[in-house]
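Visitor: Based on what follows, work out the 3D shape:
(one chain, ligands or ions: 2)
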Amino acid sequence: MTSRRKFLKSTAAGLIAGALPVSVVKLAFGSEARDISFAYISDSHIQQVKGSKFVRNWDRGLMKAVAEANLLDPNPDFVIFGGDLAQLGNKPELDHGAEILSALNVKPRMVMGEHDYYLDLGDYWSHLFGEKYYSFDVKGVHFVVLNSILTYDEWTFDRWESGERRMNEMAGLDNPNGSPFMVGEKQREWLANDLEKVSHDTPIVVFSHSPIQKIYKGWNFWTEDAEEVQALLAVFNKVNVMYGHVHQIQYNQIGNIAFNSVMATAWPWPYPNSYAQAKSHLPVMTVEMNRADPFNERDATGWQLVDVHSGRVDVNFNLYGNQNRTVSFNKEKNQPEDIKYSTHSKKPAQKHY
Ligand SMILES: [Fe+2]
Ligand SMILES: [Fe+2]
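Guide: Ligands and ions are numbered 1, 2, ... in the order given. Model prediction:
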């Protein structure tokens, strides 16, 4: 059963509502029987044109998400930004992105994206935001942030003549000169240690930028050591992995792990053809995403309000130019599903690619 959540703060709601699209005022999210809620904003790709001029579409997408997240009532337990704050990772872009995020009521927790990283290997991002991977606990749920966009040392350190070249090679969606993402051995050791002190009954929510599953290598919707990370999580009863990077709605269940993607505030990616070509490919799709309307700069973009209850996540997509969607965990089927669009009755493939 769903009930309408009071969305706007009562103070100055009238004033603010006047400045926002009707869809925001009408947002009706989830169940009230939730334990934790958080706002999840991702993939703003702030891009410098020249000097203090930035690509307007990407700017506006992030500003809108920040303004709307500030209006959540009740306040979320925290806000997370899912990576790819900048497009090419330079200081003006990261500074501008940080400035927009600084308008949030609460300081956001941050995830590293490849667009933030490959210019200077995350130095300036870390100067602004701190650790690249870490964990924290909220109301009995253990949250882990991974930096999943690392890759082979040779590619990172030896192959390219400059950081700019390296960034450009990693920035393309289908560039064959890119390299598969990975969490890496050092961080997996850290994760194993971090999880050692956590009871197996404790719900776990992992935030990564790339999916910790292998979806489509051609576009780097892929994490090379996904199975090794999944194995570390296998002993826990309830695990949820949430990721950005793909700029489209995906969900999947592998063993004990529920996977959910989130949308970008910048632009949507289409679904790769291979999803439709091979029935066994992950993930099970709901509906094909409408391609962005070039005359509507906010089409197929948005941000998420996530409810965590009974150790599982419900993802409420606030889609700026489209109908809102909810992907919630179906306890009977033991998998996430899109409440409105899930017409398939078959269980998603448990294994593998
Ligand atoms: Fe992205
Ligand atoms: Fe990305």
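Visitor: Quick check: the residue in the stretch 201-350 of the chain positioned nearest to ligand 2 vs residue 75, distance?
Guide: Per Cβ to the ion, the residue of the stretch 201-350 of the chain with the smallest distance to ligand 2 is residue 245, at 3.8 Å. Every C-beta, even on glycine, is put in place using the N, C-alpha and C of the backbone. With the distance defined as Cβ to Cβ, to the nearest Å, residue 245 ends up 27 Å from residue 75.
Visitor: So for these two, which sits in the more crowded spot?
Guide: The residue with the greater number of neighbours, taking residue 245 and residue 75 and applying other Cβ atoms under 10 Å, is residue 245; the counts read 30 against 15.
Visitor: Could you verify my assumption that residue 97 touches residue 86?
Guide: Yes - taking contact to mean Cβ atoms under 8 Å, the distance of 5.7 Å between residue 97 and residue 86 places them in contact.
Visitor: So which bits of this protein are right by ligand 1?
Guide: 43, 84 (Cβ under 5 Å from the ion).
Visitor: Grab the most central residue of the chain for me.
Guide: Within the chain, the residue whose C-alpha comes closest to the C-alpha centroid is residue 244; the distance, by Cα atoms, centre = their mean, is 2.7 Å.
Visitor: and it, what does it touch?
Guide: Residues near residue 244 by Cβ atoms under 8 Å, 6 or more residues apart in numbering: 42, 43, 82, 83, 84, 111, 113, 209, 261, 262, 264.
Visitor: List the buried residues for stretch 153-173?
Guide: 155, 156, 160, 166, 167, 168, 169, 170, 171 (16 or more other Cβ atoms under 10 Å).
Visitor: Would it be right to say that the residue of the stretch 201-350 of the chain closest to ligand 2 lies in a helix?
Guide: No - residue assignment for residue 245, taken from DSSP: H, G, I helix; E, B strand; the rest coil, gives coil, which places it outside any helix.
Visitor: Next, count neighbours for the nearest residue to residue 208 once chain neighbours are set aside.
Guide: Excluding the flanking residues, the one nearest residue 208 by Cβ to Cβ, 6 or more residues apart in numbering is residue 148, at 3.9 Å. Applying other Cβ under 10 Å, we find 31 other residues in the vicinity of residue 148.
Visitor: sec struct for residue 148, please.
Guide: At residue 148 the chain is in coil, as set by three-state DSSP.
Visitor: Now do the same for it: its pLDDT.
Guide: In the predicted model, residue 148 carries a pLDDT score of 98.
Visitor: how near is it to ligand 2?
Guide: Using Cβ to the ion, to the nearest Å, one gets 10 Å for the distance from residue 148 to ligand 2.
Visitor: Cross-check the contact I'm expecting between that residue and residue 225.
Guide: No - using Cβ under 8 Å, residue 148 and residue 225 do not qualify as a contacting pair, with a distance of 9.0 Å.
Visitor: quick one: common contacting residues for those two?
Guide: With Cβ under 8 Å, 6+ apart, residue 148 and residue 225 have common neighbours 182, 183.
Visitor: one step back: more crowded one of residue 97 and residue 86?
Guide: Summary of the neighbour comparison: residue 97 and residue 86, criterion other Cβ under 10 Å, with residue 86 having more neighbours (30 against 27).
Visitor: Pull the contacting residues for the more buried one.
Guide: Applying Cβ under 8 Å, 6+ apart, we find residue 86 in contact with 45, 46, 47, 93, 94, 97, 115, 116.
Visitor: try 7 Å this time
Guide: Taking Cβ atoms under 7 Å, 6 or more residues apart in numbering as the contact definition, residue 86 lies against 46, 93, 94, 97, 115, 116.
Visitor: mind putting the residues you listed in CSV, pLDDT included?
Guide: Compiled in CSV, those are given as follows (pLDDT from 0 to 100):
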residue, pLDDT
46, 98
93, 98
94, 98
97, 98
115, 98
116, 98
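Visitor: Tabulate these (a markdown table), appending secondary structure.
Guide: Written out in a markdown table, the entries for the contacts of residue 86 read as follows (three-state DSSP):
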| residue | secondary structure |
| --- | --- |
| 46 | strand |
| 93 | helix |
| 94 | helix |
| 97 | helix |
| 115 | helix |
| 116 | helix |
